[in-house]
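Engineer: coords please:
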Amino acid sequence: MYSHSTNDGFYHCWNHFFFNGFFSIFKTSVVRSLVNDSQRMQANSLLSTIDQTFLFAGWSLGGFVLSLTGSTQSLFITAGLLSISFVCLLFIKEAHTYKQTQKRRAAKLMEGWRFLWIHKRIRALVIMDIIESLFGTIWIGAITLSFVKEVLGKGEAWWGYINGAYYFGSIVGGIIVYRMSSMVKGRLLLFMFLGSIGYAVLTGFYGLVTNPYLALVLLIMMGPAYQLRDVAQETIYQNTCSNGMLPKVIAAKSTLVQAVFILSIAFVGTVADLFGVRFVYLFSSFMLLLTALIGMAGLMYNKHSIEIDKTPAERRGGI
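Structural biologist: Okay, here's the model as predicted:
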């Protein structure tokens, strides 16, 4: 039994990181290529809402399909759906093409890393992303289940409610960000930091509660906060990088973030064992808030940094 569950977890993680690594880079690059500068915020929030909707449906229907068909058939269904998605990707054509310069393979591999190192403002965003991913594992199954049992005093059923509230909040957050995209445009840094601070504060309150219903409310409230943070941040990358450079930059950033995320599983698990699961959320809240405040001081109050809020057309027009 132990070996079977371990293998299932391994394949699930491999599938998630491997395919999501491809898709996240592709999605960000395609939006940069196909969508007008003024509509990127709306496009990113719409795609995020659709993504979270299907994740919510997957959590709700996955167990039902598994119990109905069995593990082997479920695996074939998953492989079939992935195949269909890859075929659909073939029909997406870039609106703009860019010339590929003749460079050595090693130089091409290093372009994204070099861009992150040279552009200090983007490097600061990546550092924030890395720190946030370090504490992103507070929402993995083992930690949330421990919190449900030890702090909220509930069983496995409430673990499902917690996951459902998390994804439902993401859907609500995506819709809200989509509706307020015109307000956010030109103020991406400001709203990104507001989302970061809001998410950090709500995480701290979540770590303090003992009422399970209040915990669900807080999780739903987190949705608009981290959707605003993530969508604004993704739009900043798209506005700053050219079509040719964006996939390389996102690939370099994703490599760093995913590497830290994997290491953070052991880190967060160790902290939970030593100090308790409640301390994990409180400590994560403090570090996320500190990261947001330091990032805000370093980027928003630098007169040169505010340019990354704007699209290339806005920068040329002096808006």
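Engineer: Mind telling me what element the residue nearest to Phe275 when sequence neighbours are not counted is part of?
Structural biologist: Closest residue in space to Phe275, ignoring its immediate chain neighbours: Phe283 at 7.8 Å, by Cβ to Cβ, 6 or more residues apart in numbering. (Each C-beta comes from the backbone N, C-alpha and C, glycine too.) Taking DSSP states H and E as the definition, one finds Phe283 inside helix 277-299.
Engineer: now Ile130
Structural biologist: Here Ile130, judged by DSSP H and E, is contained in helix 120-134.
Engineer: my read: Val177 touches Asp230, true?
Structural biologist: No. Assessed by Cβ atoms under 8 Å, Val177 is found out of contact with Asp230, at 9.0 Å.
Engineer: if I look at the two, which residues touch both of them?
Structural biologist: Contact criterion Cβ atoms under 8 Å, 6 or more residues apart in numbering; residues shared by Val177 and Asp230: Ser48.
Engineer: neighbour-wise, which of the two wins?
Structural biologist: Each of Val177 and Asp230 has its neighbours counted (other Cβ atoms under 10 Å); Val177 has more, 28 against 23.
Engineer: now the strand or helix carrying the more buried one: how far from the chain's centre is it?
Structural biologist: Assigned by DSSP H and E, Val177 falls within helix 156-179. In terms of Cα atoms, centre = their mean, to the nearest Å, the centre of helix 156-179 is found 14 Å from the chain centre.
Engineer: C-terminal to it, what's the next element?
Structural biologist: With elements assigned by DSSP H and E, the helix or strand that comes after helix 156-179 is helix 181-184.
Engineer: Please identify which helix or strand holds the most centrally placed residue in the chain.
Structural biologist: The chain has Asp230 as the residue nearest its centroid, 6.1 Å off, counting by Cα atoms, centre = their mean. Using DSSP H and E, Asp230 maps to helix 212-240.
Engineer: In terms of secondary structure, what does that helix contact?
Structural biologist: Identification of packing neighbours for helix 212-240 by 3 or more Cβ pairs under 8 Å, 6 or more residues apart in numbering; DSSP states H and E yields helix 2-34, helix 40-69, helix 120-134, helix 156-179, helix 188-208, helix 246-275.
Engineer: Where does the prediction get shaky in this structure?
Structural biologist: 1-25, 59-60, 62-64, 93-109, 300-319 (pLDDT under 70).
Engineer: Quick check: the residue nearest to the centre of the chain touching Ser48?
Structural biologist: Yes. If you go by Cβ under 8 Å, Asp230 and Ser48 touch, sitting 6.9 Å apart.
Engineer: Would you quantify the distance from the residue nearest to the centre of the chain to Ser170?
Structural biologist: 9 Å (Cβ to Cβ, to the nearest Å).
Engineer: picking up where we left off before, count of neighbours near the residue nearest to Phe275?
Structural biologist: Residues near Phe283, counting by other Cβ under 10 Å: 17.
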